[in-house]
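Asker: Predicted structure and sequence below. I'll ask about it afterward.
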Amino acid sequence: MKAWLTYDFNDMRLEDVPEPKAEPGWVVCRTRVLELSVTEVAEFSGAPVSSHESLKAMLAKSRPLPLFGHEFCAEVVEVGAGVTNVKRGDRVFYHRGVPCGTCKYCQAQRPQLCRSVINVGEDTPGCLAEYFPVPARMVAAVPNEVTDAEAAALQPLVSIVGATEGIGIEMGDTVAVIGLGPMGLDSLQVARCAGASRVIAIARRDPVLQLAKQLGADVLVNTTSQDPVEAVMEATKGFGCDVVFDCAGGATGQGHAGTQAFQQGLQMLRPEGRIIEIGHLPVGAEVTFGLIEKKALRVVGRRSPSPKMIDYAIQLVASKRVQIAPTITHTLHGLDKVPEAFDILANKSKHGVINPPQVVVWQ
Ligand SMILES: [Zn+2]
C-alpha cells in the first residue's frame, strides 16, 4: 500500500509500505477522506510550535516516520481482539479519546481530566496512507446522516464541544467569537445550541463574516474597520459580553493574532466573564494579569471532552444543528494530492480557504 512518510521537516515522500495488521484493542482503517490541521502545517514546516522539539527528537531517532494525519473519515476494514465499540464496515473519525479508565483522574470520576490521550499521527501512524492502524478507543462511528466530508471535520468540532462544556454557557449569555476559522465557526454554532442569546462574530475577512451570519451570528465585527472591544461594548450597551472564545490566538508568523485577540477578549468581557483559549498561543506567550484580577475573570484552557460530548458532537452534525458543509471550500482527489493540501492550508487567505482542504482518498 501507499503511505506518506516524513524524512525531515519539509520532506515527505509517498512510498510503498507493508499493510498494517490489527493488534488486540486496535482496528485497521482505510482512509476515505482526510484533512490536515493548521498545527500540522506549522509542525511540518519546522516552525517553533510547542511540539517542535519532540518531533525533532523523534526524527533524529528514527526516520522516515508515518507522521501527521489525525482528521479523517475512514472505514474499519479489520478489527483486533477485544474491540467492541466499532465493527468492520463502520465509518469512523478520531476524537482524541475515550478516557483510559485507570489513571488517577479516571479513578476519581473526573474522566475529562484524563491525559492518557494517544495522538494519532504522532504516537501512532496517521491517516496519510491507504490504510492505517489506530487504537479502537480513540475512534467513534458516525451514522449515515453524516457525510464522509463532515466526518473528516468532526475532530475539531468535538474539541469545541469539549471547550464549551468546560466554559459553561448559560441560557441568555452573550458570546463573542474572535477569529472565524473552522474552530471559530464551530464555536459560534455550538454556543447557539448551548443557549447563547446573541453571538458576536469578530474577524478580518468579509466572506467569513458573511458565512458566520449564514450560520447564525447576530452581530458582525470586521476588525479592519472597527475596534472589536468598542464594537462589543456598543452591542452590549457598555455591559460587556459574558463569554469569549479566542479562536484567533497563535504564532503571528502563521497568520494568527499572537496574544492580541486574547487581550482584547479580556477587555470586552463583563466583570466575572469567562474566556477560553481555543488557538495555540505562542510558546512562552505572556498576558497581562491586571484585568483578570480587577474584573475577576475566569480563564479556561482547552480540555478533553467528556465521553457523552463525543456523541453530542456527532448528533449536532447528524441533525444539521451544526453545519460543516458550507465551510468546506476545497476538495482534492487522490492520496498524491497531500502536498497540495499542505500548500493550500499554509496559504489560507490567498486560496480563500475556511475549513482545511479535504483530500478524497477512496470512496
Ligand atoms: Zn485516565
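Answerer: Thanks, I have the structure now. Computed from a prediction, not measured in an experiment: that's the story for all the values here.
Asker: Output the lowest mean pLDDT helix or strand found in the protein.
Answerer: Least confident helix or strand of the chain, by mean pLDDT, DSSP states H and E, is helix 348-351 with a mean of 89.
Asker: distance between it and the chain's centre?
Answerer: How far helix 348-351 lies from its chain's middle: 19 Å, per C-alpha atoms, centre = their mean, to the nearest Å.
Asker: which residues of the chain fall in helices?
Answerer: 38-44, 52-61, 104-107, 148-152, 154-167, 182-193, 206-214, 228-235, 260-268, 290-294, 307-318, 338-346, 348-351 (DSSP state H).
Asker: Give me every residue in this structure lying close to the ion.
Answerer: 99, 100, 103, 106, 114, 116 (C-beta under 5 Å from the ion). All C-beta atoms are positioned from the backbone trio N, CA, C, and that covers glycine.
Asker: how about 6 Å then?
Answerer: 99, 100, 103, 105, 106, 114, 116 (C-beta under 6 Å from the ion).
Asker: Among those residues, name the buried ones.
Answerer: For those, a burial check counting by 16 or more other C-beta atoms under 10 Å picks out 99, 105, 106, 114.
Asker: Quick one, grab the pLDDT at the third one.
Answerer: With respect to pLDDT, residue 106 has a value of 88.
Asker: looking at it, it is touching residue 97, isn't it?
Answerer: No - here residue 106 does not reach residue 97: they are 11.5 Å apart, not a contact under C-beta atoms under 8 Å.
Asker: shared neighbours, those two?
Answerer: residue 114 (C-beta atoms under 8 Å, 6 or more residues apart in numbering).
Asker: Show me what counts as buried in stretch 192-208.
Answerer: 192-194, 196, 198-205, 208.
Asker: Quote the end-to-end distance of it.
Answerer: Counting by C-alpha to C-alpha, to the nearest Å, you get 18 Å between the two ends of stretch 192-208.
Asker: Show me which pair in the buried ones among the residues of the chain next to the ion is furthest apart.
Answerer: For these, the farthest-apart pair by C-beta to C-beta is 99 and 105; their separation is 7.6 Å.
Asker: right, and the helices of the chain - which one's nearest residue 88?
Answerer: helix 148-152 (17.0 Å).
Asker: now for the closest one, which elements pack on it?
Answerer: Applying 3 or more C-beta pairs under 8 Å, 6 or more residues apart in numbering; DSSP states H and E, one finds that helix 148-152 contacts strand 26-35, strand 71-79, strand 91-94, strand 358-360.
Asker: what's the domain layout of this structure?
Answerer: 2-153+328-360, 163-300 (automatic domain parsing).
Asker: Which one of the ones you listed lies nearest to residue 321?
Answerer: Closest among the domains of the chain, using C-beta to C-beta: domain 163-300, at 5.5 Å.
Asker: next one: the closest one to chain centre, how far?
Answerer: Per C-alpha atoms, centre = their mean, the centroid offset for domain 163-300 relative to its chain is 16 Å.
Asker: ok, residue 75 touching residue 32?
Answerer: Yes - counting by C-beta under 8 Å, residue 75 does reach residue 32; the two are 5.8 Å apart.
Asker: Give the residues shared as contacts by those two.
Answerer: Counting by C-beta under 8 Å, 6+ apart, the residues touching both residue 75 and residue 32 are 91, 362.
Asker: Adding mean neighbour count, mean pLDDT and distance to residue 214, write the helices and strands packed on helix 148-152 out as JSON lines.
Answerer: As requested, these are exported to JSON lines (neighbours: other C-beta atoms under 10 Å; pLDDT from 0 to 100; distance: least, C-beta to C-beta, whole Å):
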{"stretch": "strand 26-35", "mean neighbour count": "24", "mean pLDDT": "98", "distance to residue 214": "21"}
{"stretch": "strand 71-79", "mean neighbour count": "23", "mean pLDDT": "98", "distance to residue 214": "23"}
{"stretch": "strand 91-94", "mean neighbour count": "26", "mean pLDDT": "98", "distance to residue 214": "25"}
{"stretch": "strand 358-360", "mean neighbour count": "23", "mean pLDDT": "98", "distance to residue 214": "20"}
